[in-house]
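Novice: Sequence and predicted structure below; questions after.
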Amino acid sequence: MRESKGKIVATGGIMGLLAAILVKFGNPVNMGVCVACFFRDIAGGLGLHRAQVVQYLRPEIPGFILGSFTIAKAKGEFKPRGGSSPILRFILGFFLMIGALVFLGCPLRMILRLANGDLNALTGLAGYVIGIWIGIQFLKRGFTLGRSTTQPSATGYAMPIFSIGILLLLIAAPTFIYFSESGPGSMAAPVLLSLGAGLLIGVLLQRTRLCTAGGFRDAILIKDFHFLWGLIGIFAFALLGNVIFNFESFKIGFTDQPIAHTDHIWNLLGMALAGVTAVMLGGCPLRQTILAGEGDGDAAITIMGLIFGAAFAHNFGLAASAQGVGQNGKIAVIIGFIIVLSIGFSIVANVQKQSLGKNSKEKGGLQIG
Amino acid sequence: MGKGKTKSINMIDARGRSCPEPVIMTKDALERHSDGTIEVLVDAMVAVENIRRFAGNHGFHVEVKEVDEGYSLLINR
């Protein structure tokens, strides 16, 4: 038990340090690795949205997927699977991204922001935990997206090949790929460093299964603090890394934090939406990315939902900016809650109806009570 | 689903379920059959690890066997 705790803290620690190092070498401040932001940048790089400041084919993401793919293959854990409510996963992924971009970061960036003194991330954290708690209430009532089943091997190779395609486009840089000339999208560590960090994180996370939603979910649901220790590792070592490598940008407070805003209620609600969707999906964006590398087609569809959500968020002005959250973003979060909670209630109602039907059949159609 | 029932009443089929459903299904089964043995079928190593950690933390003994397309976990006191 102790050994496994050390391993998960070390995994989080390496991620935290790598995030600080990536910032040192050029990635945006407080965004050493942010899964939502980087999928958003990739969506922009591919021209799916035209927000000129957030367009870049971030090599960290293909790194996560290919790192996970390689180690899963080596360990015999690569398994093409899928077919568990794909369209619902797409929708949940979509709204997870909307919530994250209203807060301005995925749950991983929330921890990294906190580790650089951005106290708005505390509000986000409160929202994330509330969202996870709501998700748990659905799980306790039998919420499920259904079983996945074995799929043709092409399903499993889809995302690793997508990742190689992204890397080739990054290197070839054809004119139809967009690269930001200013703003966060223009800030990037050298490609090889980003890719190397991504690969290493992909390997480590495939082995340890670390998940930001799992950390809080398991602590609340089954009093298992294993993954939470990993998150503490990320925080502690990102803090240490920032103090060592990025001290000039380290600042404790709410105002004037890099790529953040102080609309507290929307920071909270954005991350609450991310929390509830992450629990329903069985993992945060980071975990979905790792699963996609292992051949999980359901995680791949979730990622497509994330990318679609990111493109939508910037095409329709839903994403927040340093100035705060616009009207459209607020409406999108509210619509997101309505749709996501409706999915939750509808599935729970179906599950309960089914188990009632099964019980009455077992009792020869006789209802007792 | 129905096939498992004829084999053993305490068999839980958690194959293909997303996290943390296999653990919740195990938890529910252990609450119902805390004295007996339950068998849980899963098809991913992450589910094996999560269930083993959960059952271990609650004082249960877990034996893992590789079976066709997955793993079988025998859990008892």
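Specialist: Noted; the coordinates are in hand.
Novice: from here on, contacts and neighbour counts on C-alpha atoms
Specialist: Will do.
Novice: these two touch, right, A:Glu181 and A:Ala51?
Specialist: No. A:Glu181 is beyond contact range of A:Ala51, at 11.4 Å (criterion: C-alpha atoms under 8 Å).
Novice: Report the secondary structure state of the residue most central in space within chain B.
Specialist: Residue closest to the average C-alpha location in chain B (C-alpha atoms, centre = their mean): B:Val40, at 2.5 Å. Secondary structure assignment for B:Val40 (DSSP: H, G, I helix; E, B strand; the rest coil): strand.
Novice: Who are the contact partners of it?
Specialist: Going by C-alpha atoms under 8 Å, 6 or more residues apart in numbering or on different chains, B:Val40 touches B:11-14, B:26, B:72-75.
Novice: Quick check: what element follows whichever strand or helix holds A:Gly230 along the chain?
Specialist: Per DSSP states H and E: A:Gly230 is located in helix A:226-245. Helices and strands here follow DSSP H and E; after helix A:226-245, the next one along the chain is helix A:264-281.
Novice: List every C-alpha atom in the helix or strand just after that following helix, with coordinates, as CSV.
Specialist: Downstream of helix A:264-281, the next assigned helix or strand under DSSP H and E is helix A:285-293. Output of helix A:285-293 as CSV, limited to C-alpha atoms (Å, rounded to 0.1, in the frame of the first residue of the first chain):
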residue,chain,number,x,y,z
PRO,A,285,-10.1,15.0,-20.0
LEU,A,286,-6.6,13.8,-19.1
ARG,A,287,-7.7,10.3,-18.3
GLN,A,288,-9.9,10.2,-21.5
THR,A,289,-6.8,11.1,-23.5
ILE,A,290,-4.8,8.2,-21.9
LEU,A,291,-7.7,5.8,-22.4
ALA,A,292,-7.9,6.8,-26.1
GLY,A,293,-4.3,5.7,-26.5
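Novice: Whatever helix or strand comes next after helix A:285-293 and chain B in contact?
Specialist: For helix A:285-293, the following helix or strand on the C-terminal side (DSSP H and E) is helix A:297-315. No. Helix A:297-315 is not in contact with chain B by C-alpha under 8 Å from any C-alpha of the partner chain; minimum separation 9.8 Å.
Novice: that older thread, which one's more surrounded, A:Glu181 and A:Ala51?
Specialist: Neighbour tally, A:Glu181 and A:Ala51, criterion other C-alpha atoms under 10 Å in any protein chain shown: the higher count belongs to A:Ala51, 21 against 14.
Novice: What distance do you get for the nearest residue to the more buried one once chain neighbours are set aside to A:Phe95?
Specialist: Of all residues not flanking A:Ala51 in the chain, A:His314 sits nearest, at 6.2 Å (C-alpha to C-alpha, 6 or more residues apart in numbering or on different chains). To A:Phe95, A:His314 is 13 Å away according to C-alpha to C-alpha, to the nearest Å.
Novice: Those two: which is more packed in?
Specialist: Comparing A:His314 with A:Phe95 by neighbour count (other C-alpha under 10 Å), the higher total belongs to A:Phe95, at 31 against 23.
Novice: which ones are touching the more buried one?
Specialist: By C-alpha under 8 Å, 6+ apart, A:Phe95 lies in contact with A:273-274, A:277, A:306, A:309, A:333, A:336, A:340.
Novice: And those residues, which is closest to chain B?
Specialist: Nearest to chain B among the contacts of A:Phe95, counting by C-alpha to the nearest C-alpha, is A:Thr277 at 13.1 Å.
Novice: what ranges do the helices span in chain B?
Specialist: Here chain B has its helices, by DSSP state H, at B:2-7, B:21-32, B:45-57.
Novice: about what we covered before: considering the contacts of A:Phe95, which possesses the most neighbours?
Specialist: In terms of neighbour count, A:Ala274 stands highest of the contacts of A:Phe95 at 37 neighbours, by other C-alpha under 10 Å.
Novice: so what's it closest to, chain neighbours aside?
Specialist: Distance criterion C-alpha to C-alpha, 6+ apart; nearest residue to A:Ala274, sequence neighbours excluded, is A:Leu96 at 4.5 Å.
Novice: Who are the packing partners of whatever helix or strand A:Gly16 lives in?
Specialist: With secondary structure defined by DSSP H and E, A:Gly16 is part of helix A:2-24. Under the contact criterion of 3 or more C-alpha pairs under 8 Å, 6 or more residues apart in numbering or on different chains; DSSP states H and E, helix A:2-24 touches helix A:191-208, helix A:226-245.
Novice: what do you get if the cut-off is 10 Å, keeping everything else the same?
Specialist: Here helix A:2-24 is seen to pack against helix A:107-114, helix A:191-208, helix A:226-245 when contacts are counted using 3 or more C-alpha pairs under 10 Å, 6 or more residues apart in numbering or on different chains; DSSP states H and E.
Novice: Can you say which of the ones you listed is packed in most?
Specialist: For the helices and strands packed on helix A:2-24, the largest average neighbour count (mean count of other C-alpha atoms under 10 Å in any protein chain shown) is found in helix A:107-114, namely a mean of 26.
Novice: got the buried residues for the helix or strand following that helix?
Specialist: Downstream of helix A:107-114, the next assigned helix or strand under DSSP H and E is helix A:120-140. Of the residues in helix A:120-140, A:120-136, A:138-139 count as buried by neighbour count, 16 or more other C-alpha atoms under 10 Å in any protein chain shown.
Novice: measure B:Cys19 to A:Phe138 for me?
Specialist: In this view, B:Cys19 and A:Phe138 are 13 Å apart by C-alpha to C-alpha.
Novice: and for the two, which residues touch both?
Specialist: Common contacts of B:Cys19 and A:Phe138 (C-alpha atoms under 10 Å, 6 or more residues apart in numbering or on different chains): A:144, A:279-280.
Novice: could you redo those as a markdown table and give each row pLDDT?
Specialist: A markdown table is the format used below for the shared contacts of B:Cys19 and A:Phe138 (pLDDT from 0 to 100):
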| residue | pLDDT |
| --- | --- |
| A:Thr144 | 98 |
| A:Val279 | 98 |
| A:Met280 | 98 |
